[in-house]
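Colleague: Fold the following for me, if possible:
(4 chains)
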There are 2 protein chains.
Amino acid sequence: MPAAFSAEPPRTSATAEEEAYRHIQRALRLGRYKPGERLIPEDIAAEIGMSRMPVREAFRRLASDGLVVLRPNRGCVVAGLTVDELYETFEMRSVLEGLAVRLAMPRIDEDELDELDRLLDRMERAGKSGSSDWVVRHQEFHGRICALSQRPKLIHQISALHAVIEPYMRIWFDDVDKPLSAREEHAAVIAALRSGDAGHAEQMMQDHILGTAPMLAEFVTPSR
Amino acid sequence: MPAAFSAEPPRTSATAEEEAYRHIQRALRLGRYKPGERLIPEDIAAEIGMSRMPVREAFRRLASDGLVVLRPNRGCVVAGLTVDELYETFEMRSVLEGLAVRLAMPRIDEDELDELDRLLDRMERAGKSGSSDWVVRHQEFHGRICALSQRPKLIHQISALHAVIEPYMRIWFDDVDKPLSAREEHAAVIAALRSGDAGHAEQMMQDHILGTAPMLAEFVTPSR
DNA sequence: GATTGGATACGTGGATACAAAAATGTTTTT
DNA sequence: AAAAACATTTTTGTATCCACGTATCCAATC
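Modeller: Residues are numbered from 1 along each chain as shown, chains lettered A, B, ... in the order given. Predicted coordinates:
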């Protein structure tokens, strides 16, 4: 999970399984493994310096998150998204983040709006230095709003959806010349928040998210 | 997952882990274990006739589903819901099932509406014979509508949320003298579907689900 | 030459064994 | 007598080992 979505329960001690989970998830988010590629437990275990067992258990959780597919006796492969699945993920994001915005509204004051403006600036500046920074800042922006909803499970779900689409966000951002429209889109969301109308803000967030999907859809490999 | 939500990929071969997962999930849904109760891997393993290992892996998935809590070196305990978490779960259900209804709308015809009427009748009849049947029929009703959305991941998520609240639905249904209002509630949803207005149907579904939460909230043990 | 059958090698799943950590009960000390 | 420290027991986490299922490769046959 990204720092932006800090919904995870505070882990007291780091077990090997936890380390494997974080390691693999991070690699997947960065697009180090391509969709369809097989993940060999032994290799990853050797990489982190542990046995296969904790890695296998990490696979289960990653499969629950939808990041890998686990077929009996056939190992673990990176879960690519079809175009349909990408749209579906954005549909779910739209209603869940819409809900988050609506619930966050009572807690949004002038200070918070200023902070969001600052995050928007950081996002734009990061956009000039590459996809990695921009994607992180972008999640930070969405994460900040979601956090205000004060709904741990909701935040967790949204975070999981972001993890699934992150690789595609990176590809998209690297390929297209840096989207300046992104600033306007997010500025519009802030404006809606400033209006104080929860229903309107929810609608704006939904529109923003659903509007992003078609841009990414082009970069989904039509394989599978 | 209940038969009503058949979003799971058809399992070809049944691994031990899969069997353990289904076994424990079923037990949790039926309320066989109380919230806070510890799940002993060895006991469950012996019960199904396998070693601790597959059970441990099943625990990981159940934790991802939010059905149990897994703390390092402290084992696996059944995840009870606080009142806040119960409301949060219903909030998420409301927007996700609302989305499902909206997306299902184009595929709802007269035959489908008749089928839903039939399911409503079965639900009411089942209500006279105990909570077990009613809860199953109730999920069947919601599952039927969700299935029409033809969104596998969405269906899966909704199904997971149902699994979390199922124990509370049973307690509520057993305690309160059988809620006749439930029929009217669901009939209203069907009526909204009949109207053909996707937005209206979505709103009705949201209202229906959010309206249910306060009734269950009374039966959440204030512990934790 | 293509397709099917079988043998072999590989990888996954599960069980047992071992190590580390936490919980419990007992003893000792203040 | 109460509290703290220690030892014991229980339980969890990890590693190694074995068996079975799957894939691959080669040969035989059509």
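Colleague: Get me the contact residues on chain A for chain B.
Modeller: Applying CB under 8 Å from any CB of the partner chain, we find that chain A lies next to chain B at A:11-15, A:17-18, A:56-57, A:60-61, A:63-66, A:72-73, A:85, A:88-89, A:91-92, A:94-96, A:98-99, A:103, A:151-154, A:157. C-beta coordinates here come from the backbone N, C-alpha and C atoms, glycine included.
Colleague: can you tell me which of these are in strands?
Modeller: Among the residues of chain A next to chain B, DSSP state E puts none in strands.
Colleague: and the residues you listed, which are buried?
Modeller: Among these, the ones that count as buried by 16 or more other CB atoms under 10 Å in any protein chain shown are A:17-18, A:56-57, A:60-61, A:63-66, A:85, A:88-89, A:91-92, A:94-96, A:98-99, A:103, A:151, A:153-154, A:157.
Colleague: so what's the residue of chain A found nearest chain B up against?
Modeller: Nearest to chain B in chain A, going by CB to the nearest CB, is residue A:64, at a distance of 3.5 Å. For residue A:64, the contacting residues are B:60, B:61, B:64, B:65, by CB atoms under 8 Å, 6 or more residues apart in numbering or on different chains.
Colleague: for chain A, what spans make up the strands?
Modeller: Under DSSP E, chain A gives strands at A:38-39, A:68-71, A:75-78.
Colleague: If we go by neighbour counts, what in the second one is buried?
Modeller: Spelled out, that is strand A:68-71. If you call a residue buried by 16+ other CB under 10 Å, then strand A:68-71 has these buried ones: A:68, A:69, A:70.
Colleague: Adding pLDDT, write these out as a markdown table.
Modeller: What follows is the buried residues of strand A:68-71, written out as a markdown table (pLDDT from 0 to 100):
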| residue | pLDDT |
| --- | --- |
| A:68 | 96 |
| A:69 | 96 |
| A:70 | 95 |
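Colleague: Those into CSV, with extra columns for distance to residue A:220?
Modeller: Listed next are the buried residues of strand A:68-71 as CSV, based on distance: CB to CB, whole Å:
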residue, distance to residue A:220
A:68, 17
A:69, 16
A:70, 22
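Colleague: for chain A, what's the longest helix?
Modeller: If you go by DSSP state H, chain A has its longest helix at helix A:152-175.
Colleague: Tell me which residue in chain A sits closest to DNA strand C.
Modeller: Chain A approaches DNA strand C most closely through residue A:75 (3.0 Å), counting by CB to the nearest atom of the strand.
Colleague: mind checking pLDDT for the residue nearest to that residue when sequence neighbours are not counted?
Modeller: Closest residue to residue A:75 apart from its sequence neighbours, by CB to CB, 6 or more residues apart in numbering or on different chains: residue A:38 at 5.6 Å. Note on residue A:38: pLDDT of 93.
Colleague: quick one: contacts for residue A:38?
Modeller: Contact analysis of residue A:38 by CB under 8 Å, 6+ apart lists A:75, A:76, A:77, A:78.
Colleague: who are the neighbours in contact with the residue lying closest to the second one once chain neighbours are set aside?
Modeller: The shortest distance from residue A:76 to any non-neighbouring residue, by CB to CB, 6+ apart, is to residue A:39 (4.4 Å). Each residue near residue A:39 by CB under 8 Å, 6+ apart is listed here: A:24, A:33, A:59, A:68, A:75, A:76, A:77, A:78.
Colleague: switch the cut-off to 10 Å
Modeller: Under the criterion of CB atoms under 10 Å, 6 or more residues apart in numbering or on different chains, the neighbours of residue A:39 are A:24, A:27-28, A:33, A:55, A:58-59, A:62, A:68, A:70, A:75-78.
Colleague: Cheers, nothing more for now.
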